[in-house]
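In: Coordinates for the following, if possible.
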Amino acid sequence: MLIFLLTVSLFLFSFFLNAVVWRIRRPIQDTRAIFFLFTGVLVGFVVLNLCLALINLTIWNWFHFVLFYLGITFAYMTTYNVIPQGSPTFTILMTVKKSKQAGVSTKDFEGLVTNEMFISSRIRELLFENQIEERGNRYYITEPGLKFLRIFLFIRKILKKETIGG
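Out: Numbers count the residues shown, from 1 in each chain. Down below sits the predicted model:
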């Protein structure tokens, strides 16, 4: 129980710092900033504990604590990506919620998910992250983009999922 409370407390502290920093100035690469902020808090806490001996845990308990903390941090990072850009599922749920008792018909969903809303924002992000590059109104995958893609293709192959897209 101590590991759970310690992990949740440190995560909430990191989340609070995340909110404070974002209100002052939102970083350009937010996901990367979240990773460095949250792991920085973790490293700082571990070093502080080593120096001051605040909490007496076995090496295995420290391992569990770090693993659990990193796990919820990565889960938060994955979920965070929906916040600035939205997702089709999020958009549909918000539309249904806003309709209250009236509900939403299938026809109401037409045009809800637009090219600008999802594709264009993803293209801008991929360009910014150097995953693709634009030359003469055409997009080409870069070496970092190819490495990133290979990871997903490898995982899909292991899970015996068919390759989708292009």
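In: what comes into contact with stretch 66-74?
Out: 3-4, 7, 10-11, 14, 34-35, 38-39, 42, 46 (C-beta atoms under 8 Å, 6 or more residues apart in numbering). Every C-beta, even on glycine, is put in place using the N, C-alpha and C of the backbone.
In: Could you give the separation of that stretch from the chain centroid?
Out: If you compare the mean C-alpha spot of stretch 66-74 with that of the full chain, they lie 13 Å apart, counting by C-alpha atoms, centre = their mean, to the nearest Å.
In: Would you mind listing which of the contacts of stretch 66-74 are buried?
Out: Buried residues within the contacts of stretch 66-74, counting neighbours by 16 or more other C-beta atoms under 10 Å: 3, 7, 10-11, 14, 34, 38, 42.
In: Of those, which belong to helices?
Out: 3, 7, 10-11, 14, 34, 38, 42 (DSSP state H).
In: Looking at the residues you listed, which one is closest to residue 63?
Out: Each of those was checked against residue 63 using C-beta to C-beta; the closest is residue 3, at 9.9 Å.
In: What residues does the closest one make contact with?
Out: Going by C-beta under 8 Å, 6+ apart, residue 3 touches 57, 61, 64-65, 68.
In: what about it, distance to residue 58?
Out: 10 Å (C-beta to C-beta, to the nearest Å).
In: Output the lowest mean pLDDT helix or strand found in the chain.
Out: Sorted by mean pLDDT, DSSP states H and E, the helices and strands of the chain end with helix 82-85, the least confident at a mean of 62.
In: so residue 38 touches residue 14, yeah?
Out: Yes - contact criterion C-beta atoms under 8 Å: residue 38 and residue 14 qualify, at 4.6 Å.
In: just to revisit the earlier point, residue 147: which of the buried ones among the contacts of stretch 66-74 is nearest?
Out: Checking the buried ones among the contacts of stretch 66-74 one by one against residue 147 (C-beta to C-beta), the nearest turns out to be residue 34, at 21.6 Å.
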